[in-house]
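In: Structure here, sequence nowhere to be found:
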């Protein structure tokens, strides 16, 4: 009888421990990372998870690192951490040759599950050389704009209309997403005559596409 009671007691302790583990209060972050152009999974992405927490005095602390993980061959990741009084979480995704992406997550409670899927673009650059050719005139005008830009980074080339006047030569470099088909339209006004030009460009990873525009 004593042995029977002992076995029952052990089983009860194991059951309690198992349920306790299953009911552990955690924040869980999961998702998939794909290439912004091809849509294919991106493996081996380093993911840094940070948190801003409310202190016991009610103040909001600076971001602190609470962990990291790496995406698998399917571009998937999963990370869990203890429950916390977080104001927000910050997830940073980085890989050599890609633009770094950042996601901010605002929790609704001290625990929760949050999907944090994102798309990343490979790095390329676009260099504009803008030249005012002789005979120079302060009335000469060149304007250009880009269209078809992929959403790949915060400081990439923009789609605004850029204008240049007079005899000033300009060199401009800005990042673009590799393999993104971009249209460049530029307009010139020289000696009272206006002209319009259109060009298609696609950047290779790690390369710089050079564009020369004269007016």
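Out: Cool, got the structure. Computed from a predicted model, the values in this text were never measured in an experiment.
In: and the chain, what are its domains?
Out: 25-120, 123-214 (automatic domain parsing).
In: I'd like those domains as JSON lines, with mean neighbour count and mean pLDDT appended.
Out: (Glycine included, C-beta is placed from N, CA and C.) Listed next are those as JSON lines, based on neighbours: other Cβ atoms under 10 Å; pLDDT from 0 to 100:
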{"stretch": "domain 25-120", "mean neighbour count": "15", "mean pLDDT": "93"}
{"stretch": "domain 123-214", "mean neighbour count": "15", "mean pLDDT": "92"}
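In: measure the residue nearest the centre of the chain to residue 167 for me?
Out: With distances taken as Cα atoms, centre = their mean, residue 101 lies nearest the centre of the chain, 2.2 Å away. Taking Cβ to Cβ, to the nearest Å as the measure, residue 101 falls 41 Å from residue 167.
In: thinking the residue nearest to the centre of the chain is in contact with residue 120, fair?
Out: Yes - between residue 101 and residue 120 there is a contact under Cβ atoms under 8 Å: 5.6 Å.
In: what's the overlap in contacts for those two?
Out: residue 93 (Cβ atoms under 8 Å, 6 or more residues apart in numbering).
In: How about the backbone phi and psi for residue 87?
Out: phi -80, psi -50 (degrees, to the nearest 10).
In: isn't it right up against residue 60?
Out: Yes - contact criterion Cβ under 8 Å: residue 87 and residue 60 qualify, at 5.3 Å.
In: separation between residue 211 and residue 89?
Out: Residue 211 is 40 Å from residue 89, by Cβ to Cβ.
In: same check, this time on residue 70
Out: Distance, residue 70 to residue 89, using Cβ to Cβ: 18 Å.
In: likewise residue 214?
Out: For residue 214, the distance to residue 89 - Cβ to Cβ - is 50 Å.
In: Residue 176 now?
Out: 30 Å.
In: got it, and residue 187?
Out: 46 Å.
In: what does residue 205 give?
Out: For residue 205 relative to residue 89 (Cβ to Cβ), the value is 30 Å.
In: What of residue 131?
Out: Residue 131 is 48 Å from residue 89, by Cβ to Cβ.
In: Quick check, residue 40 in contact with residue 34.
Out: Yes - contact status for residue 40 versus residue 34: in contact at 6.4 Å, counting by Cβ under 8 Å.
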